[in-house]
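sharing a model that was predicted from the sequence below.
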Amino acid sequence: MIERYHAGLWPDVRRFCSRLDNFFYVKLIIAAHTRQGFPGSCWVWREDGRIAAFAAVAFLNKDDAWLWGMRVDPAFQNRGIATRFTRAQLEVVRKAGRTWAGLNTLERRGKAPTYRVMDKLGFRLEDTYATDVYWRRPKGIARPRAVRLPDVFALCRESRMKTVFFQHNGWFYTRLKPERRAWVNRAGVVLDGLPLLLVRGRRQEKGRRRTEIAVNLFSRPADLRGFVPRLLALVPQRGHLVVNYPVEWSEEFRRAARRAVPGLRQNHGSWFSAWRVYGRVLGSGRRQK
Ligand SMILES: CC(C)(COP(=O)(O)OP(=O)(O)OC[C@H]1O[C@@H](n2cnc3c(N)ncnc32)[C@H](O)[C@@H]1OP(=O)(O)O)[C@@H](O)C(=O)NCCC(=O)NCCS
């Protein structure tokens, strides 16, 4: 049974979430929805009288919702809870007038139960991306100048990409729908002749200002080996650059990055990951199994 999360349930949620991976993310999600006013809400699932799972719903814009932070107590896993809980979340999403719910999950064998839940609920695999974080810059490479590009949305739509990555509290992907045109176009630039999306943000971390740059690449650079060092020259002095791009390029992309930045490897100047983005269009109030 789904219930709204409140602070009094924290000890129950912490009990199992602290034993699962990425506990920090659950704390970040709760802070985002309870203290920072991020649109959406946190929920728990009660089974046999006990709190057996936690998950949240974020509203990314007026069309799209994002399901994040699903954690099922290991003592309750493989009993259909994530499936029933997600179905109940879809009702929350539908009632809030959103027409699509999405989520991302790592492209990794251990995530097979999540893929299975997506299958059971009729979600579609929208995109698979490499999403890499870089915080070391190549030496002696000039930063490319970003030149504004008026209608990057049209170019994104021509690519195979169905969703677009952005960060705000967490990592999200929203649909490339016509309603998002103005929002997407604000991020459109050309770098060394390549159209892409680039968003620069600032946040405070432990009292220090950090710069976060998020980039979506959707068309393949003709000279990927030459382009990657130029892109990495944008890594801020204090902060990081996140690059989201089709997973098919990842080997070549990362090889070019390692060539440009000596010593670059996982957790040393970079964090490489690959994600599946699942989505489901929600009907007009009609219940679906
Ligand atoms: C992923 C997770 C939420 C699933 O919760 P759950 O309540 O066990 O999910 P369900 O019982 O509804 O469904 C799990 C399905 O995966 C299947 N499954 C389990 N292990 C599997 C494996 N190794 N390979 C393939 N399928 C597997 C189960 O058999 C079940 O399918 P079935 O109903 O057809 O038998 C839970 O494992 C969890 O909390 N994991 C840790 C955190 C996490 O990864 N969260 C997701 C972040 S995106």
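That came through, no problem. Quantities reported herein were computed from a predicted structural model and do not represent experimental measurements.

residue ranges of the helices in this structure, please?
10-17, 23-34, 81-95, 112-120, 152-158, 181-185, 224-232, 250-260 (DSSP state H).

could you list the residues in contact with the last one?
When you say that, I think you mean helix 250-260. Residues outside helix 250-260 that contact it (Cβ atoms under 8 Å, 6 or more residues apart in numbering): 130, 132, 134, 138, 141, 224-225, 227-229, 232, 243, 245, 264-265, 270, 272, 274. Glycine gets a C-beta too; all of them are placed from N, C-alpha and C.

give the buried residues for it.
250, 253-254, 256-257, 260 (16 or more other Cβ atoms under 10 Å).

what about the stretch 151-289 of the chain, any weak spots by pLDDT?
Of all residues in the stretch 151-289 of the chain, those with pLDDT under 70 make up the ranges 284-289.

which parts of it are strands?
163-168, 170-175, 188-191, 194-205, 208-217, 239-246, 265-266, 269-271, 274-281 (DSSP state E, counting those that start in this stretch).

and the ones you listed as a markdown table, adding distance to the ligand and mean neighbour count?
Listed next are the strands of the stretch 151-289 of the chain as a markdown table, based on distance: least, Cβ to the nearest ligand atom, whole Å; neighbours: other Cβ atoms under 10 Å:
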| stretch | distance to the ligand | mean neighbour count |
| --- | --- | --- |
| strand 163-168 | 16 | 21 |
| strand 170-175 | 11 | 21 |
| strand 188-191 | 30 | 19 |
| strand 194-205 | 24 | 16 |
| strand 208-217 | 20 | 18 |
| strand 239-246 | 17 | 22 |
| strand 265-266 | 20 | 12 |
| strand 269-271 | 17 | 19 |
| strand 274-281 | 9 | 20 |
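
nearest to residue 88, of those?
The closest of the strands of the stretch 151-289 of the chain to residue 88 is strand 274-281. By Cβ to Cβ, the value is 13.9 Å.

can you list the strands that the closest one pairs with?
As defined by DSSP bridges, the strand partners of strand 274-281 come to strand 100-106 (antiparallel), strand 124-134 (antiparallel).

and it with strand 163-168, angle?
110 degrees (axes from the mean of the first three to the mean of the last three Cα atoms, to 10 degrees).

quick one: strand 274-281 to chain centroid distance?
Centre-to-centre, strand 274-281 and its host chain are 9 Å apart (Cα atoms, centre = their mean, to the nearest Å).

for that strand, which outside residues touch it?
So strand 274-281 is contacted by 90, 99-108, 111, 115, 118, 121-131, 162-163, 171, 173, 175, 247, 250 (Cβ under 8 Å, 6+ apart).

that concludes my questions; thank you for your assistance.
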